[in-house]
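# Next come a sequence and a model predicted from it.
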Amino acid sequence: MSSATLTAIQNQINVYGNAFLMVMGNIGNVLIIMVFSQQHKSACSFYIMSAAVVNFIFLTINAYFQIFPFDYSAGTTGSIIFCKVSAYILNIFGQLAKTLLVFACIDRFLITSDRASFRAFSTIKRAKYLVFLSCIFWSVLPLHVPIMRTVVNGRCGASGIYSTIFALIFVCLYPSMTLIIFGSLAYYNLKKLQNRVHPLLQNTNNQNNTFQRRDRNLLIIVFSEVFTYIITSILYPVILLETTISQYVVLHKSAQYSQIESFILTIGYLLLFSNSAIPFYSYYIGSKSFQRDVKKLIISIYQKITKQLPSENVSTTNRILTQRDIHV
């Protein structure tokens, strides 16, 4: 396959792949926000809902940049500024979304712990505080991105090994390792969940079972997203590392070799980008409770749109009309 053909395929995948992920992902993120806004009762729910908001923004901005690429060939001051600012903004929202997933996973470890001090740390107030701090943190830490980013040969990119190391650590290793560690600990705690009694719900066994059931449902949701994140984020660090090493090892790269690297890097980035679009669908496949919540939401929206009465009200109205007919 020639380099020109591979470039054409890469461009088509980049445009249509990003457009598809943006549309389907944002539909899912809106549904997540609507579902969890109705049951805003735990820190984990707040993290998931906040992540959906961040993912919505990230998908929209990133897809726009990918579908309508800026022309950097002129090398003007405006194009250089746009290159730096766009990379900085995407870095903030991309890292923030990963951090919120990590927080949700850590929260499941805390809430399934048999230590009351750990469970007490899982509150919505602390969750809001951590989300606020994360926004500040990820607004400051990637300040090097606009410094390292520039336009070279008509393309916006980052030169040097520092940017690669940063991406490997904060995009790949940090979230993946943290999710694996706390996901494993939460799974271990889940094995002991039946012997745990929440101090706030000791009145009746039914209340305790309801609480544990809600905990398990949220844990399943988080596990499903952790699994999909790890699977979809494997390729990107591998090809990124290979590309960086080959710059110093392979002295004279052929045009086809460089194009193959660029093609695989595009696929890896698209898979990484899909992490912001997949959550709703992984939740829906993995959790029957989430399926029921989504169906209730859709029915409620449909009834509001069509202005239909709920089934209970309809049956009550029919009963009253029947009684009137009998009396007449």
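All right, it came through fine.
# for the stretch 151-300 of the chain, what spans make up the helices?
Assignment of helices within the stretch 151-300 of the chain using DSSP state H, counting those that start in this stretch yields the ranges 161-167, 174-191, 205-232, 235-249, 255-273, 279-286, 288-306.
# closest one to residue 17 among these?
helix 255-273 (5.1 Å; CB to CB). Bear in mind the C-beta positions are built from the backbone N, C-alpha and C, glycine included.
# May I see the buried residues of the closest one?
Using 16 or more other CB atoms under 10 Å as the test for burial, helix 255-273 gives 259-261, 263-273.
# same question, stretch 279-293
279, 280, 282, 283, 284, 286, 287, 289, 290, 293.
# Quick one: low-confidence residue ranges for this structure.
Applying pLDDT under 70 to the chain flags residues 1-3, 39-40, 70-75, 159-160, 193-215, 308-328.
# Mark out where each domain of it begins and ends.
3-286, 290-328 (automatic domain parsing).
# what about the residue nearest to residue 280 when sequence neighbours are not counted, which helix or strand?
Closest residue to residue 280 apart from its sequence neighbours, by CB to CB, 6 or more residues apart in numbering: residue 28 at 2.7 Å. Secondary structure assignment for residue 28, by DSSP states H and E: helix 3-37.
# after that helix comes which helix or strand?
On the C-terminal side of helix 3-37, the closest following helix or strand by DSSP H and E is helix 43-67.
# Determine the set of other helices and strands touching that next one.
Under the contact criterion of 3 or more CB pairs under 8 Å, 6 or more residues apart in numbering; DSSP states H and E, helix 43-67 touches helix 3-37, helix 77-111, helix 124-140, helix 205-232, helix 279-286.
# What about the residue nearest to residue 158 when sequence neighbours are not counted, how many residues nearby?
Excluding its sequence neighbours, the residue lying closest to residue 158 (CB to CB, 6+ apart) is residue 148, at 4.7 Å. Residues within reach of residue 148, counting by other CB atoms under 10 Å, total 16.
# Residue 148 and residue 230, how far apart?
Taking CB to CB, to the nearest Å as the measure, residue 148 falls 27 Å from residue 230.
# And for residue 135?
Residue 135 sits 25 Å away from residue 230, going by CB to CB.
# Also residue 112?
In terms of CB to CB, residue 112 sits 20 Å off from residue 230.
# neighbour count winner among these two?
Comparing residue 112 with residue 230 by other CB under 10 Å, the one with more neighbours is residue 112, at 25 against 16.
# For that one, which non-adjacent residue is closest in space?
In space, residue 112 is closest to residue 189, 3.6 Å off (CB to CB, 6+ apart).
# The one you found contacts residue 109, correct?
Yes: with contact defined as CB atoms under 8 Å, residue 189 and residue 109 form a contacting pair (6.5 Å).
# count of neighbours near residue 38?
Residues within reach of residue 38, counting by other CB under 10 Å, total 13.
# One more: residue 254?
Residue 254: 10 neighbours (other CB under 10 Å).
# on that earlier part again, how about CSV for the helices and strands packed on helix 43-67, with distance to residue 44 added?
Listed next are the helices and strands packed on helix 43-67 as CSV, based on distance: least, CB to CB, whole Å:
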stretch, distance to residue 44
helix 3-37, 9
helix 77-111, 5
helix 124-140, 8
helix 205-232, 5
helix 279-286, 12
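# Relative to residue 47, which of the ones you listed is closest?
Per CB to CB, nearest to residue 47 of the helices and strands packed on helix 43-67: helix 77-111, 4.0 Å.
# Give me the buried positions along the closest one.
For helix 77-111, the neighbour count (16+ other CB under 10 Å) marks 79-80, 82-84, 86-111 as buried.
# and that helix, what other elements does it pack with?
helix 43-67, helix 116-120, helix 124-140, helix 144-148, strand 149-152, strand 155-158, helix 174-191, helix 205-232.
# chain center to that helix: distance?
Chain-centre distance of helix 77-111: 10 Å, with CA atoms, centre = their mean, to the nearest Å.
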